[in-house]
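> No sequence on hand, only this structure:
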């Protein structure tokens, strides 16, 4: 049983290297089972695959802390400029207006994108590697 699992996993990795890449795929909020799974046993997470040049792996963090891992393509997220960007960016266009200390405050969605096998593991690591300065925001009509 274990050998067939390893052979299947090895074949999947080989196929993705030739034809694209595999990404972690999981949905949850803040300190969810998903975040704990990816932190402690990422090899047991769900996965999705994208063809080379057709998408990237992503981590998306909502202003309320909900976090999503998966595959980004034009089909599912047409407004995110994934073709020209690796790293993290703030999406103010689709961000949220939230109540904070009695005032309405705008908060962005944070997208982190990468394009190699299982690269979308920890958003904190991706944020550290990204220049959060000029050019790290999603603009209307960009890509």
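Received it, and whenever you're ready, just let me know what you need. None of the values given here were measured: they were computed from a predicted structure.
> where do the helices sit along this protein?
Ranges of helices in the chain, per DSSP state H, are 2-19, 33-40, 123-128.
> which residues does the residue lying farthest from the centre of the chain contact?
Distance from the centre of the chain peaks at residue 102, with 31.8 Å (Cα atoms, centre = their mean). By Cβ atoms under 8 Å, 6 or more residues apart in numbering, no residues touch residue 102. Using the backbone N, CA and C atoms, a C-beta is placed for each residue, glycine as well.
> Which of the helices of the chain has the lowest mean pLDDT?
Looking at the helices of the chain, the lowest mean pLDDT belongs to helix 2-19 (a mean of 40).
> To what extent is the nearest residue to residue 113 once chain neighbours are set aside buried, counted in neighbours?
Nearest non-adjacent residue to residue 113, counting by Cβ to Cβ, 6 or more residues apart in numbering: residue 56, 4.7 Å away. Per other Cβ atoms under 10 Å, the neighbour tally for residue 56 reads 26.
> before we move on, back to that, from residue 95, how far off is the residue farthest from the centre of the chain?
20 Å (Cβ to Cβ, to the nearest Å).
> now residue 77
Per Cβ to Cβ, residue 77 is found 15 Å from residue 95.
> Residue 66 now?
On the measure of Cβ to Cβ, residue 66 and residue 95 end up 13 Å apart.
> again with residue 120
Per Cβ to Cβ, residue 120 is found 21 Å from residue 95.
> same deal with residue 37?
27 Å.
> Now do the strands in the chain.
20-29, 46-51, 56-61, 66-72, 87-100, 103-114 (DSSP state E).
> Would you reformat these as TSV and include distance to residue 127 and mean pLDDT?
Converted to TSV, the strands of the chain look like this (distance: least, Cβ to Cβ, whole Å; pLDDT from 0 to 100):
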stretch	distance to residue 127	mean pLDDT
strand 20-29	16	82
strand 46-51	22	88
strand 56-61	9	91
strand 66-72	12	89
strand 87-100	5	86
strand 103-114	7	90
